[in-house]
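Chemist: From the sequence below, what's the structure:
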Amino acid sequence: MTKDEHINYWKTSSEKDWSVVFNLYKSKDYVYSLFFSHLTIEKLAKALWVKNNDNNHPPRIHNIVSLLERADIEMPDEIKEFLLILNDFQLEGRYPDYRMKIFKICDKQRTDEMLKDVKKVKIWLLKQL
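Modeler: Numbering: from 1, shown residues only. A predicted model of the protein is given here:
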């Protein structure tokens, strides 16, 4: 695959995850909706990593801030702060003990607020691709 094909792979996969976000949201699966929000942004970060590096295979990590730093992307402070929060949701989606903790605080209102910020970050990342 060419570099552009690798980038498009990550972008397409991100868009598929983004549609899942809203299916989960509609069924009131708020934690999983935010987990897939994390995947959406993570995959765009991996597309940027591929764009900015000679290697077409991004590191197998899930920390979005780390991925963007490794891609030499300058993040505004508010985006970096939000991504540090969003990173927590990849743990909650993968590990049951974390998941139970987040279920208690993750309601519709909190999810609505988070999804607004996810959308802003998504747009910001796409502009850089």
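Chemist: Excluding residues flanking it in the chain, which one is nearest N56?
Modeler: Closest residue in space to N56, ignoring its immediate chain neighbours: H6 at 4.3 Å, by C-beta to C-beta, 6 or more residues apart in numbering. Bear in mind the C-beta positions are built from the backbone N, C-alpha and C, glycine included.
Chemist: From M1, how far off is the residue nearest the centre of the chain?
Modeler: Centroid-nearest residue in the chain: I41, 2.4 Å away (criterion: C-alpha atoms, centre = their mean). Distance of I41 to M1, computed by C-beta to C-beta, to the nearest Å: 22 Å.
Chemist: What of L39?
Modeler: 21 Å.
Chemist: and if you look at I7?
Modeler: Using C-beta to C-beta, I7 is found at 10 Å from M1.
Chemist: D77 now?
Modeler: Where M1 is concerned, D77 sits at a distance of 35 Å (C-beta to C-beta).
Chemist: just E113 next, same as before
Modeler: E113 is 37 Å from M1, by C-beta to C-beta.
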